[in-house]
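K.L.:
give me the fold of what follows.
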Amino acid sequence: MASGTAGVSGSAGAATAVTAATPAIASNPKPAEKSQDAFGFSPEHNQPKTPSRLTAHVVSVAYAGKAMVVHLDNGQVWKEVPQGTLTTRLKTDDTVTIDKGVLGAYWLRGPAAGLIKVERTQ
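P.N.:
So this is what the prediction gives:
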């Protein structure tokens, strides 16, 4: 019987070790804000995995030469990558969506039809 008791005790010890490890993992969740803060930066910034889509509101729109610069309500700043004619005009309070494309490209879509290739500057 002593060996049976030792087996039960060993099983209980293993269950305790699994239970003890679970709270440590759960106590360090990554908030959505942190992953959104990294959205748009290249991998060389050593950022955590970022979402593939971001939705925000336009705070202001400026121009640097022919390139549109969009300031968002989350503090991010995105600059148009000039590709010819501007297809979408944005204004304050517009809701925009930025999607991660292939080969590290980012595409901004405003309320009007059209996509703008952008890069994050801040």
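K.L.:
drop to CA atoms for contacts and neighbour counts, all remaining ones
P.N.:
OK.
K.L.:
tell me which stretches of this structure form helices.
P.N.:
2-26, 32-38 (DSSP state H).
K.L.:
contact partners of the longest strand along the chain?
P.N.:
Of all the segments of type strand in the chain, defined by DSSP state E, the longest one is strand 53-64. Residues from elsewhere that reach strand 53-64, judged by CA atoms under 8 Å, 6 or more residues apart in numbering: 36, 39, 68-74, 90-100.
K.L.:
before we move on, the earlier item: lowest average pLDDT across the helices of the chain?
P.N.:
Note on the helices of the chain: helix 2-26 shows the lowest mean pLDDT, a mean of 48.
K.L.:
how is the chain partitioned into domains?
P.N.:
Split into domains by automatic domain parsing, the chain comes to 1-30, 32-120.
K.L.:
mean pLDDT lowest where, among these?
P.N.:
domain 1-30 has the lowest average pLDDT among the domains of the chain, namely a mean of 49.
K.L.:
quick one: neighbours of Asp99, just the number.
P.N.:
21 (other CA atoms under 10 Å).
K.L.:
if you count neighbours, what's buried in the longest strand of the chain?
P.N.:
53, 55-61 (16 or more other CA atoms under 10 Å).
K.L.:
next one: stretch 75-91
P.N.:
Those would be 76-81, 90, for stretch 75-91 by 16+ other CA under 10 Å.
K.L.:
got it, and stretch 114-122?
P.N.:
Buried residues in stretch 114-122 (16+ other CA under 10 Å): 115-120.
K.L.:
in strands only, show me the residues you listed.
P.N.:
Filtering the buried residues of stretch 114-122 for strands - DSSP E - leaves 115-120.
K.L.:
which of those sit farthest apart?
P.N.:
Using CA to CA, those span at most 15.4 Å, a distance reached by Leu115 and Arg120.
K.L.:
ok, what's across the strand from Ser60?
P.N.:
His71 (DSSP bridges).
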